[in-house]
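Enquirer: pasting the sequence and the predicted model now:
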Amino acid sequence: MKLFTVGPVEMYPETLQVSGTQLPYFRNDEFSSIMKENEQQLLTLCGCRKGRALFLCGSGSAAMEAVVACSFRRQDKVLILRGGSFGERFVQLCRIYGIPYDELCLQELEALRKEHLDAFFQNEYCALLVNLHETSTGQLYDIQLLSAFTKAKNMYLIVDAISSFMADPLDMDQMGIDVLILSSQKALALSCGLSMVVLQESFYRDMVEPKDDICLYLSLKEHARNMERGQTPNTPAVGILMELHERLQHLQGDGFVLEQQRIATRAAYFRSRVQKLGIQLPHFPLSNALTPLLFDGDAQKVYQFLKKNYAITLTPSGGAMRERMLRVGHLGNLKLCDYDALCDGLREYGK
Ligand SMILES: *Cc1c(COP(=O)(O)O)cnc(C)c1O
């Protein structure tokens, strides 16, 4: 079975080799130095010169929850860009934790424009919460637009880049991003269950450090205190941290840019081929992480056809888009010839 999903994705042989080995013990100097190396290399990849990287045991949503719970207070109103189910998750989190919020809602398949943001310009907000690539639709938001808005309004910019990291351009310092949320199973192509929060030091000092904890397991302060010596408050996802350590060695130097280019090349290659088959794509800007395909009510049939006849798993959609959209992932260990096979299957289905 070939996975054209967004997480878990096709893993690299080197990662699979690490994941098949005995876990080391972690309360010692050897593991601390692995953690510190992971932190430094991740900060470099994110373009964060003065910050912290924290490692949580839990999927990406755990990191989203930790950021909402540990950064904001009942008087810190935030603006949430809600363009799909991951934007909705930020809304749910703010509701649960009693953080006041406004929502910038996009209609189905509607592109974000400057006017959408302008409508909120007169209001006071502490931060903008956004999923840079709204994975449920495939839309990539214009980070320059978001960044200009938050700078002009002197707001913090909180970016869930879980599915955008490594697929699209990203630089925390350059783009004025205060907090970045990442997770293991997307472009890093690791096992599921590790998420990361990268914070600018100023955000940590001004927002996280002074706030009393309202949770323990996801406390960013507890993680930051422990991370000063390369440790975590509880048993971390030891195996995935070892996978990450191995993966980061490949992403050093120009490795990161090369992987970004490979993902972009797959996306461009597949899009040009699939459009020749007469399959429609949405008109909003797309992330290189995936290509959404639009169908006339038979998306599930296409999904089952490819699975049964071609051993190919695409990413199905939920909710209202269930029968109208399938998503084709470009992350992880995929080759251009894999897309040839997929296009053969799509052509065969269309006959
Ligand atoms: C995958 C993803 C998440 C995290 O989802 P989990 O199932 O908790 O890993 C969050 N935000 C975005 C944009 C994602 O693509």
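Expert: Looks like it came in fine.
Enquirer: all helices for the stretch 251-351 of the chain, in order.
Expert: Secondary structure of the stretch 251-351 of the chain by DSSP state H, counting those that start in this stretch: the helices cover 255-276, 299-310, 336-350.
Enquirer: against Ser59, how distant is Lys186?
Expert: Plainly put, Lys186 is 10 Å away from Ser59 if you go by C-beta to C-beta, to the nearest Å. C-beta: built from backbone N, CA, C; applies to glycine.
Enquirer: among those two, which residue is more densely surrounded?
Expert: Lys186 (28 against 17; other C-beta atoms under 10 Å).
Enquirer: who's in contact with Val9?
Expert: 3, 185-187, 189, 329, 331-334 (C-beta atoms under 8 Å, 6 or more residues apart in numbering).
Enquirer: and of those residues, the nearest to Phe86?
Expert: Lys186 (12.0 Å; C-beta to C-beta).
Enquirer: which residue sits closest to the residue of the stretch 201-350 of the chain found nearest the ligand, ignoring its sequence neighbours?
Expert: Closest residue of the stretch 201-350 of the chain to the ligand, C-beta to the nearest ligand atom: Ala289 (8.1 Å). Computed as C-beta to C-beta, 6 or more residues apart in numbering, the closest residue to Ala289 that is not its neighbour in sequence is Ala167, at 3.8 Å.
Enquirer: equivalent analysis for Cys48, please.
Expert: Nearest non-adjacent residue to Cys48, counting by C-beta to C-beta, 6+ apart: Met172, 4.3 Å away.
Enquirer: wait, Val328 sits on Leu314?
Expert: Yes: counting by C-beta atoms under 8 Å, Leu314 is a contact partner of Val328 at 5.7 Å.
Enquirer: need the overlap of contacts for those two.
Expert: What both Val328 and Leu314 touch, as defined by C-beta under 8 Å, 6+ apart, is the set 4, 342.
Enquirer: can you tell me which residues contact the residue of the stretch 151-300 of the chain found nearest the ligand?
Expert: Per C-beta to the nearest ligand atom, Ser163 is where the stretch 151-300 of the chain lies closest to the ligand, at 3.5 Å. Neighbouring residues of Ser163 by C-beta under 8 Å, 6+ apart: 6-7, 131, 133, 135, 186-187, 287, 289-290, 331.
Enquirer: any chance of JSON lines for those residues, columns pLDDT and distance to Gln22?
Expert: What follows is the contacts of Ser163, written out as JSON lines (pLDDT from 0 to 100; distance: C-beta to C-beta, whole Å):
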{"residue": "Val6", "pLDDT": "93", "distance to Gln22": "30"}
{"residue": "Gly7", "pLDDT": "94", "distance to Gln22": "26"}
{"residue": "Asn131", "pLDDT": "98", "distance to Gln22": "37"}
{"residue": "His133", "pLDDT": "98", "distance to Gln22": "36"}
{"residue": "Thr135", "pLDDT": "98", "distance to Gln22": "34"}
{"residue": "Lys186", "pLDDT": "95", "distance to Gln22": "27"}
{"residue": "Ala187", "pLDDT": "93", "distance to Gln22": "27"}
{"residue": "Ser287", "pLDDT": "98", "distance to Gln22": "37"}
{"residue": "Ala289", "pLDDT": "98", "distance to Gln22": "33"}
{"residue": "Leu290", "pLDDT": "98", "distance to Gln22": "35"}
{"residue": "Leu331", "pLDDT": "98", "distance to Gln22": "28"}
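Enquirer: and the residue of the chain closest to the ligand?
Expert: For the chain, C-beta to the nearest ligand atom, closest residue to the ligand: Gly60, 2.7 Å.
Enquirer: please name the nearest non-neighbouring residue to that residue.
Expert: Ser183 (3.4 Å).
Enquirer: try His250
Expert: Glu14 (7.1 Å).
Enquirer: report the distance from the helix or strand harbouring the one you found to the chain centre.
Expert: Glu14 belongs to helix 13-19 when assigned by DSSP states H and E. Averaged C-alpha coordinates place helix 13-19 at 22 Å from its chain's average position (C-alpha atoms, centre = their mean, to the nearest Å).
Enquirer: next secondary structure after that helix?
Expert: helix 29-46.
Enquirer: would you mark the buried spots in that next one?
Expert: Across helix 29-46, burial judged by 16 or more other C-beta atoms under 10 Å covers 31-32, 34-36, 38-39, 41-43, 45-46.
Enquirer: same question, stretch 299-307
Expert: So stretch 299-307, judged by 16+ other C-beta under 10 Å, has buried residues 299, 302-303, 305-306.
Enquirer: and stretch 84-98, by the same measure?
Expert: 84-90, 93-94, 97.
Enquirer: and the contacts of it?
Expert: With C-beta under 8 Å, 6+ apart, stretch 84-98 has contacts from 61, 64-65, 68-69, 72, 74, 78, 80-82, 99-101, 103, 106, 129-131, 134-137, 139, 160, 162, 214, 318-319.
Enquirer: ok so, going back, the ligand next: which of the buried residues of helix 29-46 are close?
Expert: Subset of these in contact with the ligand: empty, counting by C-beta under 6 Å from any ligand atom.
Enquirer: and the stretch 151-300 of the chain, which of its residues are near the ligand?
Expert: So the stretch 151-300 of the chain meets the ligand at 160, 162-163, 183 (C-beta under 6 Å from any ligand atom).
Enquirer: thanks again, I'm all set now.
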